[in-house]
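[1] predicted structure and sequence below. I'll ask about it afterward.
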Amino acid sequence: MTESGSKLRIFKILKIIISSLLITVLLLFTIAAIRTLSLDVNAGLQLAHWEKTNNKSLVIDHHQREELLANFKEAIRIPTVSFSNTEINTTALLEFDRFLRKAFPTVFSSSLVHHELVGNYSHLFWVKGSQPELVPYMLLAHIDVVPASESDGWEAPPFSAKEIDGFIYGRGTIDDKNSLMGILQALEYLLLKGYAPRRGFYIGLGHDEEINGLNGAMNIVRVLKQRGVQLLFVMDEGLTISDGIIPGLEGPAALIGLSEKGQAAVKLSVSVAPGHASMPPRETSIGILATAVKRLEDNPMPRLFGYGPEGDTFEHLAHKFSFPLKFIMSNLWLFSPLLSRILERKPVSNAFVRTTTAVTFFNAGVKINVIPSLAEAYVNLRIHSAQSVEEVLDIIKDTVGDQRVKVELVYGFDPLPISGADEKAFGFQIIKKTVLDLFPTVTVAPAICVGNTDSRHFIDLTKNIYRFSPAWFKPGDLERFHGINERISTKNYEEMIVFYFNLIQNCDIRKLPEPHSSVHEL
Ligand SMILES: CCCCCCCC/C=C\CCCCCCCC(=O)N[C@@H](CC(N)=O)C(=O)O
Ligand SMILES: [Zn+2]
Ligand SMILES: [Zn+2]
């Protein structure tokens, strides 16, 4: 073949490759465009087809408003603080018990309600249903709060429940006395209105959630297991209604946690011979440990976006974003890697992308002129749904890559199972309907809860655990969670009561509307 002949041949091959590439790209984008226009994960169940229940409605009058706010403020003023893994405020917990009996006299005296104390300070209520064949469900909340100190910069003392510009300030106003009081206040009103549920339900109020629920939630689970109880679903604190928090999202979104991340506490330690600071070795225990910690911070865990429920979240929210995010989120099959790079830029969304690594303790040294024999650091990892404690531990050892650094697991648990969110998922659909009835402009989406809750102890009692409360979080509110100036608006607290009031009644339906042609008995 002549030189010009072979050039022509190469040119023809290149032309074929380029046009095939162009056709492939065009095809991919056409599929992506069609999917963007047709993706309808929010179609849901047809509201018109829901079984009719004669729901009572709640119109709060002036007197009730004053009373419910006074109750809530009194709850906030009782400092039910869990200080550490071993130190809780038992005096405050006993006071809280007395307070609940006083604030909700109908709940505590109704023949429909059985109440008992569990683990000394936690409360378990059983509200008897008229149709025992209907599987019961359970609402959870917790009594204890994390510590708070006014000197950190609170606008009002953290246990004052002071009202400023329509907001009640105080530790526990969003975590989690709003849910606790909202649930009991709703039940009080329902009972006063003569309501008797068809479907029985439990209310569990743990007293030590902030220190892992070992005596509260775990004992409640033990009691229920002894009685052979199985639950249709459990609803606990967790995600909320985000309004203006997710960048680019138009309108508010109610994220319902289908699962929660796993957790591991890992101890790193370095031991060397102590010595005189005037003749230091080239590296001290502190230096070796600092390098290990730096390596962990410089090498985040792998991106796993799309391998857990977080992919579904963005598909559900896609239609509320504008171009190009709408296009990207509607086509995660193509753009997952790109979206995970966008999300990892901010801590709040990075938590959805991977197992996060936070170095939370660093202890070393005894005296200015002594080479310390021991340096230790603790790392708190929140494990992505697609990883396990064991995998995470192996990655840490590899990343540290230094035999002198001892890596030990202090405690850990794998990510929680993922609850259903389809048309047959009773708990999810009931929560969704209750949200939409009360807040029609909100988009409801399944999500992963990045923190842990008492509900994780309930996995043997049900496959369906949802982490959600109808608290509205606006820009700046995430920082109030365990932070300073925790607060809730009086309007939102009232909405929470109405939400639980409606949710309890919505749970009385026997079965969900039939999706398509399939029948699902509950
Ligand atoms: C794409 C971005 C979406 C952003 C939406 C974020 C909305 C976040 C809303 C709430 C924050 C999540 C809080 C979860 C509840 C955590 C409860 C808690 O603090 N648990 C403790 C203690 C424990 N029980 O282990 C924890 O350390 O996790
Ligand atoms: Zn909480
Ligand atoms: Zn908390």
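    Structure received. Ligands and ions are numbered 1, 2, ... in the order given.
[2] ligand 2 contacts on this structure?
    Residues of the chain that fall close to ligand 2, judged by Cβ under 5 Å from the ion: 175-176, 237. For the C-beta atoms, the positions are set from N, CA and C on the backbone; glycine is no exception.
[3] top of those by neighbour count?
    Sorting the residues of the chain next to ligand 2 by how many neighbours each has (other Cβ atoms under 10 Å) puts residue 176 first, at 27 neighbours.
[4] pretty sure that one sits against residue 142.
    Yes - counting by Cβ atoms under 8 Å, residue 176 does reach residue 142; the two are 4.9 Å apart.
[5] export the helix or strand where residue 326 lies as PDB, just CAs?
    Assigned by DSSP states H and E, residue 326 belongs to helix 325-329. What follows is helix 325-329, C-alpha atoms only, in PDB (Å, rounded to 0.1, in the frame of the first residue of the first chain):
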ATOM      1  CA  LEU A 325     -28.500  19.600  38.600                       C
ATOM      2  CA  LYS A 326     -31.900  18.300  37.600                       C
ATOM      3  CA  PHE A 327     -30.400  16.600  34.600                       C
ATOM      4  CA  ILE A 328     -27.500  15.100  36.700                       C
ATOM      5  CA  MET A 329     -29.700  13.900  39.500                       C
END
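[6] residue contacts, the residue of the stretch 51-200 of the chain found nearest ligand 1?
    Nearest residue of the stretch 51-200 of the chain to ligand 1 (Cβ to the nearest ligand atom) works out as residue 175 at 6.5 Å. Residues near residue 175 by Cβ atoms under 8 Å, 6 or more residues apart in numbering: 145-146, 237, 481-482, 486.
[7] with residue 65 instead?
    So residue 65 contacts residue 494 (Cβ under 8 Å, 6+ apart).
[8] so what's residue 210 closest to, chain neighbours aside?
    The shortest distance from residue 210 to any non-neighbouring residue, by Cβ to Cβ, 6 or more residues apart in numbering, is to residue 82 (4.1 Å).
[9] check what pLDDT the one you found gets.
    Residue 82 is assigned 97 on the pLDDT scale.
[10] run through the bridge partners of it.
    residue 88 (DSSP bridges).
[11] among the residues of the chain next to ligand 2, which lie within strands?
    Using DSSP state E, the subset of these located in strands is residue 237.
[12] any residues in contact with both of residue 176 and residue 142?
    Among the neighbours of residue 176, those also in contact with residue 142 (Cβ under 8 Å, 6+ apart) are 209, 237.
[13] that older thread, near ligand 1, from the contacts of residue 175?
    237, 481 (Cβ under 6 Å from any ligand atom).
[14] where does pLDDT dip in the stretch 201-350 of the chain?
    Applying pLDDT under 70 to the predicted model, the stretch 201-350 of the chain contains no residue that meets it.
[15] quick one, helices of this protein?
    3-38, 62-77, 90-103, 105-109, 177-192, 217-226, 285-298, 310-317, 325-329, 332-343, 347-353, 389-400, 426-438, 490-506 (DSSP state H).
[16] report the contact partners of the residue lying closest to residue 364 once chain neighbours are set aside.
    Among residues not flanking residue 364 along the chain, residue 375 sits closest, at 3.6 Å (Cβ to Cβ, 6+ apart). Contacts of residue 375 were listed using Cβ under 8 Å, 6+ apart, and they are 269-270, 284-286, 288-289, 362-365.
[17] show the buried residues in the residues you listed.
    By the neighbour-count criterion of 16 or more other Cβ atoms under 10 Å, the contacts of residue 375 include these buried positions: 269-270, 284-286, 288-289, 364.
[18] how about these, which pair is most distant?
    269 and 284 (13.5 Å; Cβ to Cβ).
[19] what residues go with each domain of the chain?
    Domain assignment of the chain by the TED database yields the ranges 62-246+417-507, 260-413.
[20] in a markdown table, list the ones you listed along with distance to residue 22.
    Below are the domains of the chain laid out as a markdown table (distance: least, Cβ to Cβ, whole Å):
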| stretch | distance to residue 22 |
| --- | --- |
| domain 62-246+417-507 | 35 |
| domain 260-413 | 16 |
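[21] which residues touch the spatially closest residue to residue 195 that is not a sequence neighbour?
    The shortest distance from residue 195 to any residue other than its chain neighbours is 5.9 Å, reached at residue 56 (Cβ to Cβ, 6+ apart). Shown in contact with residue 56 (Cβ under 8 Å, 6+ apart): 190, 193, 195, 501, 505.
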